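Novice: Predicted model, plus sequence, below.
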Amino acid sequence: MRVATFPVLTTVLACAAFMTACGTQDGSTASGVNAAASGSSDLPGDPDDLARDGVRITGMSDWSRRETPPVISAEFEVTNHESEPFTYAITFDALSGSGGVLENTEQTVPAVGPGQTVRRTVRLNGVPSGGKGRVRIAKVRRVPTAEAPAQSGPCPSSGVRLTADAGDAAMGLRVVGVRLTNCGTRVYRLNGFPLLQLLDEDRKPVKAVRILKGSGGIATVDDFDAPARPVVLNPGQTASTGLMWRNTNDASGTPVNVPYVRVRAKSGAKPIMITPELDLGTTGRLAVSPWKKDPAR
């Protein structure tokens, strides 16, 4: 089987403006949002849809038909119960009155300090089919801010940005591209493969998966079995690598899901934690391709 070279798309975690103050910070609020006190049953939906992993919806509006398409808003707050700053990527769903998903969106809340609560408002579009709509928290991913990918803003002290794309899938085969950009002022050198650590929902190491250099027989994909060569990146240049696996399940095994991957571009490099959502099934294998310099644009 042969599939196209993995695409390099937009990062999963895009960083926004950096915030360092402790305490509580209030974001902008939408008019018409009905707030609910902590623990209140006034908000529609299952309580498990309204609070998850330190994120809580505190208020919700009905559909605003003054806008096209109609918009529904929800106020939410993020509380960091850890001992270091974390950056949150939160996926919200807009639901119709019957519970169907009309739209989802991801909101990034960067650098929430220990014990800090940050408040924000999310707006989603939809076409309600009757009845009142609602908003739910579909997924929360959070990484230590020191390891969060930096898509924009000042160049990290390492001199490079490392981000993951949205991935590609075909008939159970998954490929996620990882891009490294030299945003610094000096030459950056790579040689071989990135160093990976697979992490579970609690960001604990997953040891039941073999990391293969090259395709490992998973599939024939451009670049995965190319020989590793030295890569020299001048400022502004980029290089890419990829992760490949099959989402195959055997009735005798236990499926393994790996939401987080800690990536080091090379030995001694600063770790960056990405969220490629590896649904590895029962295969127990993940392939990685060598770094390759991207063509000049």
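Specialist: Thanks, I have the structure now. Numbers count the residues shown, from 1 in each chain.
Novice: And this protein, what are its domain boundaries?
Specialist: Structural domains annotated on the chain: 24-145, 154-293, as defined by automatic domain parsing.
Novice: Show me the shaky parts of this structure.
Specialist: Across the chain, the stretches falling below the confidence threshold (pLDDT under 70) are 1-41, 128-131, 297.
Novice: before we move on, the earlier item: just send the domains of the chain back as CSV, with mean neighbour count too.
Specialist: Yep, even glycine has a C-beta here, placed from its N, CA and C like the rest. Written out in CSV, the entries for those read as follows (neighbours: other Cβ atoms under 10 Å):
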stretch, mean neighbour count
domain 24-145, 17
domain 154-293, 17
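Novice: show me what contacts Thr283?
Specialist: Contact analysis of Thr283 by Cβ atoms under 8 Å, 6 or more residues apart in numbering lists Trp245, Arg246, Asn247, Thr248.
Novice: Filter these down to the ones in strands?
Specialist: Trp245, Arg246 (DSSP state E).
Novice: which two from the contacts of Thr283 end up farthest apart in space?
Specialist: Trp245 and Thr248 (8.9 Å; Cβ to Cβ).
Novice: Endpoints of stretch 47-65, how far apart?
Specialist: 27 Å (Cα to Cα, to the nearest Å).
Novice: Stretch 240-257 too?
Specialist: The straight-line separation of the ends of stretch 240-257 (Cα to Cα) is 24 Å.
Novice: likewise stretch 52-64?
Specialist: End-to-end distance of stretch 52-64 (Cα to Cα): 26 Å.
Novice: do the same with stretch 123-132
Specialist: When the termini of stretch 123-132 are compared using Cα to Cα, they are 15 Å apart.
Novice: could you check the distance from Glu67 over to Leu124?
Specialist: Note on Glu67: its distance to Leu124, by Cβ to Cβ, to the nearest Å, is 11 Å.
Novice: Actually, Asp202.
Specialist: Here the distance between Asp202 and Leu124 works out to 29 Å (Cβ to Cβ).
Novice: what does Val187 give?
Specialist: Following Cβ to Cβ, the distance that separates Val187 from Leu124 is 44 Å.
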